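Participant: Below is the sequence, then the predicted model.
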Amino acid sequence: MTGPERERFDRLRLIRSPNVGPVAWRQLIDRYGGAGAALAALPELARRGGARAPRIADEARVVAEMDAVERLGGRHVMLGDADYPALLGEAASAPPVLVAKGHAMGRARAIVAMVGARNASAAACRFARELAQEVGARGGVIVSGLARGIDTAAHLGSIGSGTVAVIACGLDVAFPPENAALQERIGAEGLLLTEHPPGAEPLARHFPARNRIIAWMAQGTVVVEAAPRSGSLLTARLAAEEGREVMAVPGFPLDPRAQGCNALIRDGATLVQSAEDIFESIGRMGAGPGAVRQMGDGYAGPPPPDLREAERARVVGLLSMAPVAVDEIVRLSGCAPAAVQTALLELELAGRLQRHAGGRVSLG
């Protein structure tokens, strides 16, 4: 492999290694200047965090994944690539590597997420389909999750103008099964995205992670029918946490499927009745994403010296099963921010730390 090809291979191998999440991936590459050096440092960092047998993704498995993606007509899109979704790349926990199939999105186009109930009413499905079609006619792109109900309607309405389906499984797995033909069509006429390698099944834990991609790659999220505590409301919350617009279609008060949308509107979400409402709302975001971060842009120079054991102990002692902000750990520990980040990185690589939304962490 040439230098750039080797770096891309190592970046994929790094994110496929156990306990390396999106935040750790970025920190490792920023600290060591490249994925090769990060992979070399990973076992020792994990040992310092308490891991007994640190592991790195097997090279043969990474080669097999790359071959499988190519056979399926897909490609790996990495953070920093020109066709990586720009808004998504601004999120601290954005997936470092996506598997894509289909046409790249133009950066000048507005991107609108549309989500809702799987058991949606016929009227809501029709409205979602027509709304998505109207957004596409005005130059927008619809992104959704290819689920039953509202997601399916949104894709059907926008497939002729631009639709992105984010799935919670590998490119070669159709879920739900009845959307197999639609998934294939989107891969040919629109864009399929996933952070999972081929063969990955749609496990329950994959869906909240998929929702974050949907919310973070769009200027705003529109919810069309959603029950309280639904995945659609999680997507709306994730959008709000990243400063994106949250919009909702009102529904009949006695329909449980309308309760989530009505609650969003009561709490300040924009009421949507047409595509005009959507474009007016996302227009408040301003000029859109800035320059794409290129590979290696964040290199901070040689890694800092090893932590003193007392510093590591202070950081570990402040952690519990309850999530806490990293800034609070820095304040209470009296350690330098770089020292705290190093300790947290070691714990994460050892499988002892969980990262949560809003820059919070807890013992895992």
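Facilitator: The structure has been received and is ready for your questions.
Participant: Pop the domain breakdown of the chain in here.
Facilitator: Per automatic domain parsing, the domain ranges recorded for the chain read 3-57+306-363, 86-285.
Participant: got JSON lines for the ones you listed, with mean neighbour count too?
Facilitator: C-beta here means a position set from N, CA and C on the backbone, and glycine is covered the same way. Formatted as JSON lines, the domains of the chain follow (neighbours: other CB atoms under 10 Å):
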{"stretch": "domain 3-57+306-363", "mean neighbour count": "18"}
{"stretch": "domain 86-285", "mean neighbour count": "20"}
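Participant: Serialize the ones you listed to TSV and add fields for mean pLDDT and distance to Met66.
Facilitator: Converted to TSV, these look like this (pLDDT from 0 to 100; distance: least, CB to CB, whole Å):
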stretch	mean pLDDT	distance to Met66
domain 3-57+306-363	92	7
domain 86-285	95	9
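Participant: Distance to Gly80 for those domains - can I get that in CSV?
Facilitator: Below are the domains of the chain laid out as CSV (distance: least, CB to CB, whole Å):
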stretch, distance to Gly80
domain 3-57+306-363, 9
domain 86-285, 8
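Participant: Among those domains, which comes closest to Leu72?
Facilitator: Nearest of the domains of the chain to Leu72, taken as CB to CB: domain 86-285 at 4.9 Å.
Participant: quick one: which helix or strand includes Arg109?
Facilitator: Assignment of secondary structure by DSSP states H and E places Arg109 within no helix or strand.
Participant: Just say helix, strand or coil for the residue nearest to Glu65 when sequence neighbours are not counted.
Facilitator: Leaving aside its sequence neighbours, Glu65 sits nearest to Pro197 (CB to CB, 6 or more residues apart in numbering; 4.5 Å). The three-state label given to Pro197 by DSSP: H, G, I helix; E, B strand; the rest coil is coil.
Participant: just checking, Pro197 touches Asp67?
Facilitator: No - counting by CB atoms under 8 Å, Pro197 stays clear of Asp67, with 11.0 Å between them.
Participant: What are the boundaries of the strands in the stretch 251-364 of the chain?
Facilitator: 270-271, 324-325, 353-356, 360-363 (DSSP state E, counting those that start in this stretch).
Participant: about what we covered before: could you list every residue that touches the residue nearest to Glu65?
Facilitator: Arg16, Glu65, Ala68, Val69, Val99, Gly170 (CB atoms under 8 Å, 6 or more residues apart in numbering).
Participant: right, and the first one touches Ala60 too?
Facilitator: Which is Arg16. No - between Arg16 and Ala60 there is no contact under CB under 8 Å: 11.7 Å.
Participant: picking that back up, what's the closest of the domains of the chain to Val77?
Facilitator: domain 86-285 (4.6 Å).
Participant: from the chain's centre, how far out does that closest one sit?
Facilitator: Centroid separation for domain 86-285 versus its chain: 13 Å, with CA atoms, centre = their mean, to the nearest Å.
Participant: which one is the most centrally placed residue in the chain nearest to, not counting chain neighbours?
Facilitator: Most central in the chain under CA atoms, centre = their mean is Ile213, positioned 3.2 Å from the mean C-alpha point. Among residues not flanking Ile213 along the chain, Val166 sits closest, at 4.9 Å (CB to CB, 6+ apart).
Participant: which residues does that neighbour contact?
Facilitator: Val143, Ser144, Gly145, Leu146, Leu193, Thr194, Arg210, Ile213, Ile214, Met217.
Participant: so which pair among these is furthest apart in space?
Facilitator: Once CB to CB is applied, the contacts of Val166 give Leu146 and Met217 as the farthest pair, at 14.6 Å.
Participant: Please list the residues outside stretch 1-20 that contact it.
Facilitator: By CB under 8 Å, 6+ apart, the list of residues contacting stretch 1-20 reads 22, 25, 28-29, 34-36, 38-39, 42, 46, 51, 55-57, 59, 61-62, 65-66, 76, 78, 95-97, 197, 295, 348-351.
Participant: follow-up on the earlier one: hmm, the residue nearest to the centre of the chain is touching Pro95, no?
Facilitator: Yes - Ile213 is within contact range of Pro95, at 6.6 Å (criterion: CB under 8 Å).
Participant: Name the residues contacting each of the two.
Facilitator: Leu88, Glu195.
Participant: show me the contacts for Leu28.
Facilitator: Leu14, Val20, Ala35, Ala38, Ala41, Leu42, Leu345.
Participant: mind listing which of these are in helices?
Facilitator: Taking DSSP state H, the ones among the contacts of Leu28 that sit in helices are Leu14, Ala35, Ala38, Ala41, Leu42, Leu345.
Participant: Tell me if Leu238 really is in a strand.
Facilitator: No - assigned with three-state DSSP, Leu238 falls outside any strand and is helix.
Participant: right, and it touches Ala218 too?
Facilitator: No - in this structure, Leu238 is not within contact of Ala218 by CB under 8 Å, at 10.6 Å.
Participant: among the ones in helices among the contacts of Leu28, which two are most distant?
Facilitator: Across the ones in helices among the contacts of Leu28 (CB to CB), the longest gap, 15.1 Å, separates Ala35 and Leu345.
Participant: Helices of the stretch 251-364 of the chain, start to end?
Facilitator: 256-266, 275-282, 309-318, 326-333, 337-349 (DSSP state H, counting those that start in this stretch).
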